[in-house]
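1. missing the sequence, but the structure's below:
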């Protein structure tokens with residue numbers, strides 16, 4: 001089971017792994033309603049290295065990015081649910097709208113994002129590649145998104 005840690009704790013842990021020759025993968029998101037698409041995505045990201053760090057947007061940044069009414073679940077709760085997944089080693093909550101500063105602090109070996117992004121749109125790509133890492137786009141599972149789940153929940157029951 002993973003751990004929810006501070007940015008500073010994640011950086012120290014990452015350095016220990018670097019010294020041990022282990023590859024660290026980083027990904028991020030809001031993870032407002034955990035669903036199958038998230039779980040499969042995180043497992044695929046973890047398979048790209050020896051350890052997976054997940055950055056989670058705090059509540060204020062989710063509101064700025066997703067609008068009023070979001071998040072549905074508090075950041076600390078989202079982080080602990082993610083940390084309970086077998087694929088996840090560490091979870092870090094961040095307050096910025098993008099994970100650029102967290103990525104720069106961690107310098108992961110692999111930066112993973114969903115294939116709904118383009119390589120050019122991946123925040124932190126330049127930083128990771130300049131440090132010798134790589135960026136991987138993981139195929140998106142159609143029909144499994146938080147937005148779709150919320151829409152289904154809001155539909156009236158026939």
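-> Now that the structure is in, tell me what you want to look at. Only a predicted model underlies this, so the values are computations on that prediction, with no experimental measurement involved.

2. and the longest helix seen in the chain, what's buried?
-> Secondary structure assigned by DSSP state H gives helix 7-19 as the longest helix of the chain. Residues 7, 10, 11, 13, 14, 17 are the ones in helix 7-19 that count as buried (16 or more other Cβ atoms under 10 Å). Just so you know, the C-beta spots here come from the backbone N, C-alpha and C atoms, and that holds for glycine as well.

3. what about the residue most central in space within the chain, which helix or strand?
-> With distances taken as Cα atoms, centre = their mean, residue 28 lies nearest the centre of the chain, 2.1 Å away. Per DSSP states H and E: residue 28 is located in strand 24-29.

4. what's that strand packed up against?
-> Judged by 3 or more Cβ pairs under 8 Å, 6 or more residues apart in numbering; DSSP states H and E, strand 24-29 is in contact with helix 7-19, helix 36-46, strand 51-57, helix 100-106, strand 110-114.

5. and the two most separated of the buried residues of helix 7-19?
-> Farthest-apart pair in those is 7 and 17; separation 15.6 Å (Cβ to Cβ).

6. now residue 134: closest residue in space, sequence neighbours ignored.
-> Leaving aside its chain neighbours, residue 134 sits nearest to residue 110 (5.8 Å; criterion: Cβ to Cβ, 6 or more residues apart in numbering).

7. kindly provide the distance from residue 120 to residue 135.
-> 10 Å (Cβ to Cβ, to the nearest Å).

8. so the two - more neighbours on which side?
-> residue 135 (17 against 6; other Cβ atoms under 10 Å).
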